[in-house]
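A.B. asks: Dropping the sequence and predicted coords here.
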Amino acid sequence: MSLFLVTMTVKTTLNQDLKEEREKVPFVVEEFTNWFHGGEANVKDKRYLENLIVNNSELKLDLDMSYMSHKEKYEEAVRRATIALKLFKKLREEGFGGANFFEKILLPFSSVLKQGSPISLQFSMFIPGLMKLATPEQQAKWVPRALNLSIIGTYAQTEMGHGTFIRGLETTSTYDPETKEFIIHSPTITAYKWWPGGLGHTVNHAIVFAQLYSLGKHHGLHPFIVQLRDEETHKPREGITIGEIGNKVGFNTVNNGFLGFDKVRIPLSHMLMKNAEIRENGEFVKNQSSILNYGTMTHVRVGIVRDMASLIARAVTIAMRYSIVRRQSPIDPNQPEPKVIEHITQQMKIFPLMAKVFAVKYSADNLMRMYLKVTSEIERGDLERLPELHALSCCLKAVSSNEAVQAVETLRLACGGHGFLTSSGFHDLYTNCTAAQTYEGENTVMLLQTARYLIKVWGQALSGKKLPPTVAYLQNYKQGNDRNKWNPSINGILMALQTTTSEKVALAYKHLEARKKLYSAEEAANQTGVELLKVAELHCQSFLLQSTIEMVEKCTPKVSLQLANVLRDILELYAVDLALRFLGDLLQFNNITSNDVEHLQQRMELALKSLRNSALGIVDGFDFPDYVLSSTLGAYDGNVYERLLEAAKKSPLNHEDVNKSFHLYLKPFIKSNL
């Protein structure tokens with residue numbers, strides 16, 4: 001049992017059902033926690049940060065923020081964010097976390113504000129943007145100020161009229177060689193920047209993307225650092241129209257904003273010139289590929305995939321603990337009501353999603369390793385693997401966020417009516433997941449970008465070229481072999497997925513080429529869009545399974561036998577569930593019989609049984625303290641009903657026995673009907 005969790009729960013009595021279930025866990029939870037979080041030192045740092053937050057009286061709230069007005073939520077978000085940042089700034093000055101400082105504080109910082117922070121883009125996009133887009137001289141000027149928070153920034157790319165289609169952005173930056181300034185302008189209402197986090201009322205600087213014009217020539221989209229507000233008064237600078245975009249489905253403390261420019265002048269030195277520059281005479285010089293201007297977006301997508309794993313893990317933790325405490329619907333009418341988790345249908349809702357946490361997390365880790373390697377190669381001028389990285393980050397972002405939304409909703413439903421309460425914790429998890437489906441690239445567009453890459457490399461495979469690592473499997477099937485013989489092993493399931501992906505790429509390529517004879521290349525791609533989406537999704541699912549296989553193969557020799565068996569059970573469940581979910585696609589190109597499908601179903605049921613006693617230990621091992629889960633249903637002590645009533649009593653409507661609406665409206669109405 002986690003020592004940290006014990007310290008968090010000693011003041012309450014553990015629910016007896018949860019206590020008994022924890023005694024059945026066949027592995028040491030602390031060993032799992034250390035493995036899952038990358039080592040004992042990481043767990044120690046994580047818990048240290050969490051304790052700093054949970055024990056800080058200024059960060060505690062008596063009233064849940066869901067009861068606050070929109071304005072009150074924002075003001076409270078700024079207050080709490082600044083307190084947390086003071087804590088983290090002191091830690092950084094003391095050397096905590098070293099080079100991984102920002103990565104270590106992300107989850108604790110996000111847990112302070114369930115609906116997002118108005119200052120989060122400072123760390124996720126503004127500082128990374130400066131590091132990737134600015135010259136060394138510019139970095140020396142801006143990065144220290146951003147790190148010590150003497151300026152607060154955001155990343156202003158998306159506009160009201162264009163998001164993922166960045167070539168369509170309308171904001172202009174025209175160089176004036178006489179004054180050595182750029183003139184930033186919004187020529188239309190649709191050119192207003194729209195959506196950047198913190199832009200509404202929080203930040204005073206932004207990295208702004210605009211179409212560059214110099215000496216009458218257009219040079220494409222480039223980044224500029226623009227001061228938006230006075231650093232002393234915080235009032236908008238002349239020529240700048242700025243504000244917040246209003247209430248959203250979720251993320252209502254992020255302070256997303258709009259931004260319009262009316263011929264705002266900035267110095268020549270404020271163009272971020274690592275990849276291209278304008279000289280004083282107006283000459284344009286391209287230093288590297290313009291696609292490198294969007295490297296920050298790729299980095300953010302890696303973070304999104306990691307976030308989706310964490311959000312699913314939190315939802316699984318809530319549903320699993322509640323399913324042990326909740327008793328309902330006798331299986332045998334002559335027996336007492338069982339724990340809900342005893343129903344196989346409940347296990348089927350929870351356990352495969354628990355396994356998905358591992359697939360998404362370790363795919364994100366693989367993607368991060370690839371990102372670091374490729375960016376290192378880019379610094380040396382080698383851009384060969386950049387398209388591969390971009391394609392993989394696009395499909396992983398899309399698939400992980402889509403599946404996270406489905407997972408959180410499934411787990412909410414698994415908690416019955418109580419899951420519908422905001423206090424259950426599912427509301428914020430769901431809105432955070434669904435927001436990720438559209439920010440940093442709308443998911444359909446992301447999948448189509450991956451598909452375009454797959455079509456391109458398929459053409460390369462046909463011509464005999466060697467393919468990059470994540471798509472190398474396509475070369476094995478480029479001749480369009482006969483139907484693949486079904487191999488029911490886990491590696492066989494992976495091979496079947498890769499075969500199916502390859503064959504569907506081949507079909508999409510064939511249909512695309514045929515349509516090019518009738519339409520333009522662009523319209524042909526549009527006509528083939530449905531096939532292309534499926535191709536990209538299957539490619540991503542193959543990568544998710546391959547990452548999970550590699551994770552288990554790598555880790556099982558290094559952990560105890562008991563934990564190794566659990567990891568193998570997780571892999572078995574994930575692979576079999578994946579095969580059953582995509583059975584229709586697999587059947588098209590693999591010799592799968594009715595008996596094979598029956599066997600897969602039997603394996604699924606056996607995998608559920610194998611994980612029955614391990615599941616609670618796994619979610620405990622994720623090591624989410626109660627304040628992070630913020631759930632009446634998922635607290636470690638399992639006192640669900642006491643917490644539900646306590647949360648209900650905190651509703652402002654319960655602060656008085658009789659609400660004034662009774663005397664103003666109900667009573668006169670009732671009397672009028674006598």
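C.D. replies: Here it is on my side, so go on. Numbers count the residues shown, from 1 in each chain.
A.B. asks: just how off-centre is the helix or strand hosting residue 430 within its chain?
C.D. replies: Element membership of residue 430, judged by DSSP states H and E, is helix 426-436. Relative to the mean C-alpha coordinate of its chain, helix 426-436 is positioned 10 Å out (CA atoms, centre = their mean, to the nearest Å).
A.B. asks: repeat for stretch 465-475
C.D. replies: On the basis of CA atoms, centre = their mean, stretch 465-475 sits 27 Å off its chain's mean C-alpha point.
A.B. asks: any weak-confidence spans in this protein?
C.D. replies: Applying pLDDT under 70 to the chain flags residues 1-12, 288-295, 478-482.
A.B. asks: contacting residues around the residue most central in space within it?
C.D. replies: For the chain, the residue nearest the mean C-alpha position is residue 304 (2.7 Å; CA atoms, centre = their mean). Applying CB atoms under 8 Å, 6 or more residues apart in numbering, we find residue 304 in contact with 397, 400, 401, 436, 440. Every residue, glycine included, has its C-beta placed from N, CA and C.
A.B. asks: end to end, how far does stretch 182-193 reach?
C.D. replies: Length of stretch 182-193, first residue to last, CA to CA, to the nearest Å: 18 Å.
A.B. asks: Which residues does it contact?
C.D. replies: So stretch 182-193 is contacted by 156-162, 169-176, 199, 206, 208, 210, 224, 226, 241, 257-268, 270-271, 278 (CB under 8 Å, 6+ apart).
A.B. asks: Also stretch 19-34?
C.D. replies: Counting contacts by CB under 8 Å, 6+ apart, the residues touching stretch 19-34 from outside are 1-3, 40, 43, 324, 559-560, 562-563, 565-566, 613-614, 616-618, 620-623.
A.B. asks: now swap in stretch 76-90 and tell me
C.D. replies: With CB under 8 Å, 6+ apart as the test, stretch 76-90 has contacts from 52-53, 56, 58-59, 61, 65, 68, 105, 108-109, 112-113, 115-119, 148-149, 202, 253, 255.
A.B. asks: Now which of those residues would you call buried?
C.D. replies: Buried residues within the contacts of stretch 76-90, counting neighbours by 16 or more other CB atoms under 10 Å: 52-53, 59, 65, 68, 105, 108-109, 112-113, 115-119, 202, 253, 255.
A.B. asks: Now intersect those residues with the helices, please.
C.D. replies: 52, 53, 105, 108, 109, 112 (DSSP state H).
A.B. asks: need the strands for this protein, in chain order.
C.D. replies: With strands called from DSSP state E, the chain shows them at 153-156, 172-176, 181-185, 193-194, 205-214, 217-227, 240-244, 257-261, 264-267, 276-278, 284-286, 484-485, 590-591.
A.B. asks: Quick one: closest of those to residue 662.
C.D. replies: Residue 662 lies closest to strand 240-244 among those, at 35.7 Å (CB to CB).
A.B. asks: Ramachandran coordinates for the closest residue to residue 626 other than its chain neighbours?
C.D. replies: Spatial nearest neighbour of residue 626, chain neighbours left out: residue 635 (4.9 Å); criterion: CB to CB, 6 or more residues apart in numbering. Dihedral pair for residue 635: phi -60, psi 150, per degrees, to the nearest 10.
A.B. asks: Next, find the distance separating residue 635 from residue 424.
C.D. replies: Separation of residue 635 from residue 424 (CB to CB, to the nearest Å) stands at 11 Å.
A.B. asks: same deal with residue 226?
C.D. replies: On the measure of CB to CB, residue 226 and residue 424 end up 42 Å apart.
A.B. asks: Would you mind telling me which of those two has more residues around it?
C.D. replies: residue 424 (29 against 22; other CB atoms under 10 Å).
A.B. asks: which residues touch the more buried one?
C.D. replies: Contacts of residue 424 (CB under 8 Å, 6+ apart): 318, 412, 415, 418, 631, 632, 633, 634.
A.B. asks: make it 10 Å
C.D. replies: 315, 318-319, 322, 411-412, 415-418, 629-634, 640, 644, 647 (CB atoms under 10 Å, 6 or more residues apart in numbering).
A.B. asks: And residue 321, by the same measure?
C.D. replies: Residue 321 neighbours (CB under 10 Å, 6+ apart): 15, 17-18, 21, 341, 415, 616, 619-620, 629, 631, 633-638, 640.
A.B. asks: what number of residues lie near the closest residue to residue 588 other than its chain neighbours?
C.D. replies: Of all residues beyond its chain neighbours, the one nearest residue 588 is residue 500 (6.8 Å), with distances taken as CB to CB, 6+ apart. Applying other CB under 10 Å, we find 24 other residues in the vicinity of residue 500.
A.B. asks: most surrounded residue in the contacts of residue 304?
C.D. replies: residue 400 (33 neighbours).
A.B. asks: Next, the contact list for residue 585, please.
C.D. replies: 496, 497, 500, 501, 503, 504, 534, 537, 538, 541.
A.B. asks: Okay, and which of these map to helices?
C.D. replies: 496, 497, 500, 501, 503, 504, 534, 537, 538, 541.
A.B. asks: Isn't the first one up against residue 592?
C.D. replies: Yes - judged on CB atoms under 10 Å, residue 496 makes contact with residue 592 at a distance of 7.9 Å.
A.B. asks: do you know how far the closest residue to residue 559 other than its chain neighbours is from residue 547?
C.D. replies: Ranked by CB to CB, 6+ apart and with sequence neighbours excluded, the top spatial neighbour of residue 559 is residue 35, at 5.8 Å. For residue 35, the distance to residue 547 equals 16 Å [CB to CB].
A.B. asks: The two - which one has more neighbours?
C.D. replies: Between residue 35 and residue 547, counting by other CB under 10 Å, residue 547 is the more crowded of the two (21 against 18).
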